[in-house]
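Asks: Generate a structure from the sequence data that follows.
(one chain, ligands or ions: 1)
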Amino acid sequence: MTARLIDGKALAAQMRAEVAERAAALRATGRLPTLAVILVGADPASQVYVRNKIAACEQAGMRSLHETYGAELREAELLARIHALNQDDSVHGILVQLPLPAHIHAQRVIEAISPRKDVDGFHVANAGALMVGRPGLRPCTPLGCVRMLEHIGLGDLRGRHAVVVGRSNIVGKPMAMLLLGMNATVTIAHSGTPDLAETCRRADVLVAAVGRARMIGADMIKPGAAVLDVGINRLEDGKLCGDVDFEAARELAGWITPVPGGVGPMTIAMLLSNTLQACEQLA
Ligand code: NAP
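Replies: Okay, the predicted model is just below:
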């Protein structure tokens, strides 16, 4: 079998066009969806991510406020800035690019953002809402994976096994909760999981969110599975690759996402969608 490709770039473009239509409808009623993006320090990867997010906002007819601070910014100053943005009715979404410099407590910063403006979906109130199945803003990367599964006709996973490799608060755990909400039987695997290959081979839906280049090999794929590769790893030659050994896995999987061009573009589309949702709900 050669897997069918889930083209995240194309699906994200379609979703961004839908966001642009909804943004235009809001503008027509006098509301301009606005995302504030805060970058602290000069991490080159973060600078690229922030630039891409701002460009995507503008292409969708949304406003972005870009604030950059030096790495020496004090935590109290950052918190004060977030409080001001929380109070500003013209701002609907607030995103603080991670990672933050070591002297700033990232979770404290996330908790300072109003949950209604927390477009990354990392605030404990939004994490809790996801846990108990209440409405809220969902983390962008897992939400993008859900949209991909829906797109290939796997919106209801009753009777199917899903395995998520990775248990971070920003990808692995929320991904598992979303899959549970889609009626899958869910396993979360991590560095302490015994028999990882055997666990993964049970997966009808396999999500890799580890951060280790090509660690998911053919021996970990159930024939016909949908394989979603969240990993972004830079190789020595400068190229990007995922956590899945793409060439090996595509011989077995039913569906597979490429890296780049898979989950990454969906993450940005979901950020725009969350900003719009926040604007619609705040208005
Ligand atoms: P993270 O916080 O470093 O978490 C990595 C997870 O992988 C941990 O739960 C860890 O287990 C697990 N792990 C590490 N080695 C393992 C092994 N040998 N076997 C099984 N599990 C193992 O990473 P993250 O922030 O979730 O990100 C994961 C990857 O996704 C990274 O490559 C990141 O760049 C990428 N990412 C992509 C997007 C996108 O838009 N496409 C967005 C976010 C992140 P323990 O918990 O036991 O240590």
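
Asks: residues near the nearest residue to residue 262 once chain neighbours are set aside, how many?
Replies: Spatial nearest neighbour of residue 262, excluding adjacent residues (CB to CB, 6 or more residues apart in numbering): residue 8 at 4.1 Å. For the C-beta atoms, the positions are set from N, CA and C on the backbone; glycine is no exception. Here the count is done by other CB atoms under 10 Å, and residue 8 has 27 residues near it.

Asks: And for residue 58?
Replies: Neighbours of residue 58 using other CB under 10 Å come to 11.

Asks: going forward, begin numbering at 41 instead of 1
Replies: Yep, numbering from 41; the last one is residue 98 now.

Asks: any idea which element it lies in?
Replies: helix 84-99 (DSSP states H and E).

Asks: Tell me the buried residues in that helix?
Replies: 86, 89-90, 93-94, 96-97 (16 or more other CB atoms under 10 Å).

Asks: Adding distance to the ligand and pLDDT, write those out as JSON lines.
Replies: Below are these laid out as JSON lines (distance: CB to the nearest ligand atom, whole Å; pLDDT from 0 to 100):
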{"residue": "86", "distance to the ligand": "12", "pLDDT": "95"}
{"residue": "89", "distance to the ligand": "9", "pLDDT": "94"}
{"residue": "90", "distance to the ligand": "14", "pLDDT": "96"}
{"residue": "93", "distance to the ligand": "11", "pLDDT": "96"}
{"residue": "94", "distance to the ligand": "16", "pLDDT": "97"}
{"residue": "96", "distance to the ligand": "13", "pLDDT": "97"}
{"residue": "97", "distance to the ligand": "16", "pLDDT": "97"}
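
Asks: Among the residues you listed, which one sits closest to residue 295?
Replies: For the buried residues of helix 84-99, the minimum distance to residue 295 (CB to CB) is 25.1 Å, reached by residue 96.

Asks: Could you break the chain into its assigned domains?
Replies: Listed by automatic domain parsing, the domain ranges of the chain are 70-154, 179-304.

Asks: mind checking the end-to-end distance for the longest one?
Replies: Yep, that's domain 179-304 we're talking about. 13 Å (CA to CA, to the nearest Å).

Asks: looking only at pLDDT, what's the mean for stretch 199-211?
Replies: Across stretch 199-211, pLDDT averages out at 98.

Asks: Surely residue 227 touches residue 205?
Replies: No. Using CB atoms under 8 Å, residue 227 is not in contact with residue 205; the gap is 9.3 Å.

Asks: Between those two, which has more neighbouring residues?
Replies: For the pair residue 227 and residue 205, the greater number of neighbours falls to residue 205 (29 against 17), based on other CB under 10 Å.
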